[in-house]
Every structure is written in C-alpha cells, then in structure tokens.
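Engineer: predicted model follows, preceded by the sequence.
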There are 2 protein chains.
Amino acid sequence: MAGVAPITVSRAINRPELVTKDTLEHVREVIARSGYVPNLLAGGLASKRSRLVAAIVPTIGNSIFAEAVECLTDRLGEAGYKVLLGLSGYPASREDELLATVLSRRPDAVFLTGITHSPESRQRLLAAKIPVVETWDLTPTPIDMLVGFSHEKVGRAVANYLIDKGYRHLGLVWASDERAAIRRRGFEDAAAERGVTDIKVAILPAPGNLKLGREGLAKLLDEAGDLDAVFCSSDALAQGVLTEAQARGLAVPGDLAIMGFGDLEFAPYTYPSLSTVRIDRRAIGLLSAEAMLARFGDRPFEKIVDIGFEIVERAST
Amino acid sequence: MAGVAPITVSRAINRPELVTKDTLEHVREVIARSGYVPNLLAGGLASKRSRLVAAIVPTIGNSIFAEAVECLTDRLGEAGYKVLLGLSGYPASREDELLATVLSRRPDAVFLTGITHSPESRQRLLAAKIPVVETWDLTPTPIDMLVGFSHEKVGRAVANYLIDKGYRHLGLVWASDERAAIRRRGFEDAAAERGVTDIKVAILPAPGNLKLGREGLAKLLDEAGDLDAVFCSSDALAQGVLTEAQARGLAVPGDLAIMGFGDLEFAPYTYPSLSTVRIDRRAIGLLSAEAMLARFGDRPFEKIVDIGFEIVERAST
DNA sequence: CTCCGGTATGGCAGCGCTATCAATCGATCA
DNA sequence: TGATCGATTGATAGCGCTGCCATACCGGAG
C-alpha cells in the first residue's frame, strides 16, 4: 500500500467522486505502477454484489441465441458486469442443475430462455431475490420480468399471410421445440379458421439446421405429395428446404413457396431471398440488460416487454 | 446449521470421501430440506480457487467460435467450472480491457483466441500465474499452452489442391482477419511456387457472412474478369459466393469452382455441396478444457497441440 | 473565539467459506 | 494393559474486500 488506507483505495476505484482529486491521482498512479488487480471475489463477498449475470440458453451454436447473448454481454459489460454462460441443451434438460450451480456463484441477475421452468427452479430463483428476465416468449405470469413476443401470433400471422397469397396446400418443416410448438398451434388454428385444414408436418429434432431442412422437405414431398408452400420453424431449416427444392429442380416460389422464421443474417441473400419473420434478437439481449440495470439502480422498468415481430416478404413466397 | 461444524458441511459438499456415511447422509438431508445454496464466492475467496474460467473470443454470433466455446463450457461444466464470457470484437480491440476486468474475477484459467496479444496482456496473464490456453493458431512461443493449427499450411494446401485440379485463375474472397491473412500468405506463396501469380483478392470486413460473400464475388468478377476458382476465408463467405454465382447463372464448378474454410454444419448440404477445409472446432474447445483440467490436477499435458486440418472435397470444386 | 456542518479519510468488523492443525475416539498391536 | 495409529470431526484464523460509523479537518457563521 502506498500512503492511504485500504478503504480509500476501494473508494478511488469504485466511487471516485468521494475522493479528492490529488488522492485519486496518487492512488491511480500507484495502482498502475504496482500492477494491482482488485479481487472482485472478495469485493463481491463483502458487498453482496458479484457483478455477475447468469445467462442460460439452450445453445449458442445457433446464432439465434448467440446474438442475444452477445448484446446482453456487451451492454452489461459497459456497466461492469460479466456474463456467466450456462448451456442447457435441447430440450432444456439440464436447466435445473445448471441453475443450482450457477446460483451458488451469487449472480446479481439471471437471463433465462423461455418461460417453462420446473417448480424447483422457480422456487430457487424466487429465493435468490434477484432480477430474473425470461425471454423469447410471453406469459402473463413471469417469474419476474419478461422480454419476448407471442409465438402464437407469429403462427397465426404467417398462416394468414400465406393463405392471403393464395397458397392452400401448406406444409410445416418443424423442429421439436417448445416455442415452435406454440407457433405451430397458432398457424394451424388460423389456417383452420380460413378453411385450410390438411396441413402436412415433418417434425425434426431441435435445433434445426440446413441438413435437417433438406431431410424435412424430402420427407414432406415423398409422403405428402402436393404442396405449394412450406413454413419452417427456423431460417436454418428454411435454407435447407430451399436447397432441397433447388436440388429437386423445383422453382421457388413458382412450384413451392418457402417461409422461414428468425430473419437471420443470411435470409436476404439466399437465392431466391427468403421470406421470413423478423425477430429483433438483439433487442432481446439489449432490453434484458436494460431491465437488469434498471433494477440494479432501483429504477422502474416494465415487467413485460413485447418486442413484437414482423413478416418480411422477399422472393421465396 | 444442524448438528455439525461448518467445516464438516464444507467437507460433505466438496470432499465427501472424508466424511462418514451417516454424517454425509444427514448433512445432505438437511441441505436438501433447508434449501441451502453454498456461496462459491466465499469459497473461492477462502480457497483461492474460483472455479471460473474466462473465455475470450471475438464473437459468438459466428458459429465457428460458438461451437468451441460450447464444448469448452460443457467439458468444464462437468468438472464444476463455469465459463465467464468475454467478447473482444473484430479486430480484438477490447481484448486488453476485457482481460483486465476478467482477471479481477480471479479465473482459474483463461481461454484466448489467437496468439497475438499486447505486451501488457501477456504481462498480466503471466502475473496471474494461471493456465492460459491460446487457440486457433500455432506459434512456437505460446504464453502457456496452445491448441491450434497452421494457417499457413492450410493456405498452401488449398493452393496446391486447386492447382492440382487444373484451376489457374484464382481469386480470394477474404475477410480482413489476422489469421485469415496468414492463410492468404500461405496460399499465395504456394501458388507462386507453382507458377500461378496473378491472384485476385477482394478484402471484406470481418466477420464474413453470406451478404459479404455475394458482394465479394461481385467485386471480383466485375473488376477482375475471368476466374475459374475462388477460395474464401470462411464457409459463410463461400456460401455467399455460391449464391452470387447462382444468381449470375454461373455453373459451379463448371464456370467457377468455390472453396470454403471451416466445414460448418451447412457445408455438405449447400447446392452444390461445398468443398472446404475441415477444422475440428469442437476439439479446440474440448482439448483446451482438458489442458486446463490437467493443469488443475497437476497432471502433465502437452504444451502445444496441433489439431491439424483436412481438405474436404465436395461438389463445388 | 467557539460552534457548526460538510467533506475527506480511517478503524473496525465481518461477508461465508476453507486451510491448517488439534482433538477425539475406537481399534490394533506389542 | 498401555502405546500407537488412522479415521473422523472440530476450533481457529484468515482470504481481500466494503459497510458502517467515527474522526479529523476546514471554512464560515455567530
């Protein structure tokens, strides 16, 4: 130590406005010279704020979650928080265990994917008394806060869109994912209301990818026969469907219209470009971060944020 | 507390083999009943082991790093370690700052992308006296440990492969990334040795994506004219090049051969399927985790692991 | 010249755990 | 029978910070 009490150093680092300019400069100079690295574990223990936020997502191999996590990490990083990564897998089988081990790190907040959590997990999260942001879905009864959109409305909107465009023989190439299942229900309900009922479905394991998309369309065409439009539960699957259509010499959208979900980066640039549903993935990460930061600062924040969605019409429909 | 000393509970949790069966069961039962969650911050402070590993990657939006991080996280998770995520951006401009803030969390090890780090960062890492694994590249002088492959050899191998196939008018669609630059040098050197010198290059910002790939090929064709093969610095770019070729009515590989890098999940399923260079991304994460775990357990581990690469010939060349 | 209030700094205690060493106990052995 | 040993449990003392309160100091008011 160089001249002052430890607590003054602590203040120089964390609340510089409480320290005289001269002292501050001197302390900073000594820190720089000595290569002192504060121990945030100790600080966290003493102040009961770890400045850690846990993010639990199924996977980051699929860029749909990766981007949200990136935004979350960036925004929280600006405010001095670091993200603890938890990968729960598909289905979220390891969520409970993950949550238990992650909570023992005393995160200051938790970012969750989806709204379905075991009673034990809910219990644990409530007991932790920290901000919890559930994402990617809507429910009137979140654990704490929520940033998402209505999958049912997405399904309904796409059904109506395709039927409005004149398509009647509809197929779904679909990952067996919980939130996708809600979109499917919305899609089928809305189609039924318009008198379109015989919807073919190929169910594939989550997460979807190009390969599974090709297989999905192959299955659908081989088993179901005549289709004029296929809605896919993700853009990755849609890209596979597009590829399979190409490989089979089907004109898109002439012989087969294709619709994706997510509006991933590549969607505007496939050939033909992919019609899809735009979800502002970055907003999910960003707004979640803002929600947490608001709560850390005792500022109010909406409990439920519906980020909505948008149908993006391109060349594939 | 229920009946025993705190230290006995600590042992029951961390070193159950030191505790009698009866005591162990009793403690576990009380833990389950009371909902006790150990505080690993306090434990980390006392034991000087945080059971945290910092992973610093440019981005996880691009699945090339995401998968390595996923494997790292999974393997370390099995051993009770959690991953702190640090995103340094392209170029790795924030690496220094990130490293400083991350080290104050006292991670037990650090996973780094690449081998180029500022002197201050090297200094800080050495001062931290923890295992450091650099990845995605090779150097004879790593900070500590290394899991990677030779980008120069990749470049050379692809040049020789394309020239062996009879292609002579070569183009590069290339992201301005440090490691990609080494591949390019290898490629150009090997091509020059074979007498092929006039290599057209379109340089694009990192990270590459489908859109940039389309733009890259457009630029190359508009400016350079006749090309018979294009090597791309990533599969994402290659997919864009493929798309642009399709949009322009070029036959692949008849009019233009296309080669990617990375062997991403979609590469075998594009139409035509994409020839590329396979990198075992998962091995990078996994071996890095193993290297760290070995060091935690004082077991020996190779300092430098070359995971190699493999040229994957598919339909696009 | 004292008193007051505000600002800057320091002392003390403790966050919740674990390393270390000590204590206890029954079993074994000479 | 007493000494010895290994196995199990406990007491003590911090880990490196920060919350809380006390103290010192200063300028201005009375």
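Structural biologist: Arrived safely, thanks for sending. None of these values were measured; they are calculated from a predicted model.

Engineer: so which residue of the stretch 101-250 of chain A comes closest to DNA strand C?
Structural biologist: Residue of the stretch 101-250 of chain A nearest DNA strand C, by C-beta to the nearest atom of the strand: residue A:104 (7.9 Å). In short, each C-beta sits where N, CA and C put it, glycine included.

Engineer: so how many other residues sit close to that residue?
Structural biologist: 19 (other C-beta atoms under 10 Å in any protein chain shown).

Engineer: contacting residues around it?
Structural biologist: Contacts for residue A:104 (C-beta atoms under 8 Å, 6 or more residues apart in numbering or on different chains) come out as B:37-40.

Engineer: need the residues you listed in CSV (columns: pLDDT, secondary structure and neighbour count).
Structural biologist: Output for the contacts of residue A:104, formatted as CSV (pLDDT from 0 to 100; DSSP: H, G, I helix; E, B strand; the rest coil; neighbours: other C-beta atoms under 10 Å in any protein chain shown):
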residue, pLDDT, secondary structure, neighbour count
B:37, 89, coil, 16
B:38, 91, coil, 18
B:39, 94, coil, 17
B:40, 94, helix, 23
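
Engineer: ok, and of those, which contact DNA strand C?
Structural biologist: The subset of the contacts of residue A:104 within reach of DNA strand C, by C-beta under 7 Å from any atom of the strand, is B:38-39.

Engineer: all strands of chain A, in order?
Structural biologist: Ranges of strands within chain A are A:52-57, A:82-87, A:109-113, A:132-135, A:145-148, A:170-175, A:200-204, A:229-232, A:257-259, A:276-278, A:304-306, A:310-312, based on DSSP state E.

Engineer: do stretch A:32-40 and chain B come into contact?
Structural biologist: Yes - using C-beta under 8 Å from any C-beta of the partner chain, stretch A:32-40 reaches chain B at A:35, A:37-40.

Engineer: out of the residues you listed, which touch DNA strand D?
Structural biologist: Near DNA strand D, by the rule C-beta under 7 Å from any atom of the strand, you find A:38-39 out of the residues of stretch A:32-40 next to chain B.

Engineer: tell me the domain ranges of chain A?
Structural biologist: Domain ranges of chain A: A:6-38, A:48-149+A:281-308, A:151-278, per automatic domain parsing.

Engineer: and those: which comes nearest residue B:268?
Structural biologist: Residue B:268 lies closest, by C-beta to C-beta, to one member of those: domain A:151-278, at 7.2 Å.

Engineer: check whether that closest one contacts chain B.
Structural biologist: Yes - Domain A:151-278 reaches chain B (C-beta under 8 Å from any C-beta) through A:209-211, A:213-214, A:236, A:239-240, A:243, A:246-247, A:265-266, A:268-271.

Engineer: hmm, who's touching stretch A:117-136?
Structural biologist: The contact list for stretch A:117-136, computed with C-beta under 8 Å, 6+ apart, reads A:68, A:95-96, A:99-100, A:103, A:107-115, A:142-149, A:179, A:284, A:288, A:291-292, A:295-296, B:35, B:37.

Engineer: could you tell me the end-to-end distance of stretch A:98-118?
Structural biologist: 12 Å (C-alpha to C-alpha, to the nearest Å).

Engineer: for it, list every residue counted as buried.
Structural biologist: A:98-99, A:101-115, A:117 (16 or more other C-beta atoms under 10 Å in any protein chain shown).

Engineer: kindly report the same for stretch A:261-278.
Structural biologist: Neighbour counts using 16+ other C-beta under 10 Å place A:261-277 of stretch A:261-278 among the buried residues.

Engineer: please apply the same query to stretch A:178-188.
Structural biologist: Neighbour counts using 16+ other C-beta under 10 Å place A:178-184, A:186-188 of stretch A:178-188 among the buried residues.

Engineer: neighbours around residue A:247, how many?
Structural biologist: For residue A:247, using other C-beta under 10 Å, the count is 16.

Engineer: how about stretch A:303-317 against chain B, any contact?
Structural biologist: No - judged by C-beta under 8 Å from any C-beta, stretch A:303-317 and chain B are separated, with a smallest distance of 10.6 Å.

Engineer: now that stretch - C-alpha only, CSV.
Structural biologist: This file holds the C-alpha atoms of stretch A:303-317, laid out as CSV (Å, rounded to 0.1, in the frame of the first residue of the first chain):
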residue,chain,number,x,y,z
LYS,A,303,-42.3,-6.1,-16.2
ILE,A,304,-43.3,-7.4,-19.6
VAL,A,305,-41.9,-6.1,-22.8
ASP,A,306,-43.4,-7.4,-26.1
ILE,A,307,-40.9,-6.8,-28.8
GLY,A,308,-43.3,-8.0,-31.5
PHE,A,309,-42.3,-9.4,-34.8
GLU,A,310,-42.7,-8.5,-38.5
ILE,A,311,-43.4,-10.6,-41.6
VAL,A,312,-40.7,-9.9,-44.1
GLU,A,313,-41.8,-10.6,-47.7
ARG,A,314,-39.0,-11.5,-50.0
ALA,A,315,-38.7,-13.5,-53.2
SER,A,316,-39.3,-17.0,-51.8
THR,A,317,-43.1,-16.6,-51.3
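
Engineer: ok, residue A:251 to residue A:218 distance?
Structural biologist: Residue A:251 sits at a distance of 17 Å from residue A:218 (criterion: C-beta to C-beta, to the nearest Å).

Engineer: got the contact list for stretch A:153-160?
Structural biologist: A:170, A:182-191, A:194, A:196, A:231, A:259, A:261, A:277, A:309, A:311.

Engineer: tell me where the stretch 101-250 of chain A has helices.
Structural biologist: For the stretch 101-250 of chain A, the helices defined by DSSP state H, counting those that start in this stretch occupy A:119-128, A:151-164, A:178-193, A:210-224, A:235-247.

Engineer: next, the buried residues of the shortest one.
Structural biologist: The neighbour-count criterion (16+ other C-beta under 10 Å) identifies A:121, A:124-125, A:128 as the buried residues of helix A:119-128.

Engineer: in TSV, list those along with pLDDT.
Structural biologist: As requested, the buried residues of helix A:119-128 are exported to TSV (pLDDT from 0 to 100):
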residue	pLDDT
A:121	94
A:124	93
A:125	95
A:128	93
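
Engineer: farthest pair within those?
Structural biologist: Spanning the widest gap among those are A:121 and A:128, at 10.6 Å by C-beta to C-beta.

Engineer: now do the same for the residue lying closest to residue A:250 once chain neighbours are set aside: its pLDDT.
Structural biologist: Leaving out its chain neighbours, the residue that sits closest to residue A:250 by C-beta to C-beta, 6 or more residues apart in numbering or on different chains is residue A:256, at 5.0 Å. You'll see residue A:256 listed with a pLDDT of 97.

Engineer: and what of residue A:269?
Structural biologist: On pLDDT, residue A:269 comes in at 83.

Engineer: same question for residue A:2.
Structural biologist: On the pLDDT scale, residue A:2 gets 64.

Engineer: how about residue A:175?
Structural biologist: So residue A:175 comes in at 96 (pLDDT).

Engineer: check contacts around it.
Structural biologist: Going by C-beta under 8 Å, 6+ apart, residue A:175 touches A:203-208, A:212, A:233-234, A:237.

Engineer: if you set the cut-off to 7 Å instead, what comes out?
Structural biologist: A:204-208, A:233-234, A:237 (C-beta atoms under 7 Å, 6 or more residues apart in numbering or on different chains).

Engineer: please look at residue A:105 and residue A:52 and confirm they touch.
Structural biologist: Yes - in this structure residue A:105 lies within contact range of residue A:52 using C-beta atoms under 7 Å: 6.0 Å.

Engineer: shared neighbours, the two?
Structural biologist: What both residue A:105 and residue A:52 touch, as defined by C-beta under 7 Å, 6+ apart, is the set residue A:84.

Engineer: read off the pLDDT value for residue A:34.
Structural biologist: What the model reports as pLDDT for residue A:34 is 84.

Engineer: residue ranges in chain A under the pLDDT threshold?
Structural biologist: For chain A, applying pLDDT under 70 flags the ranges A:1-2.
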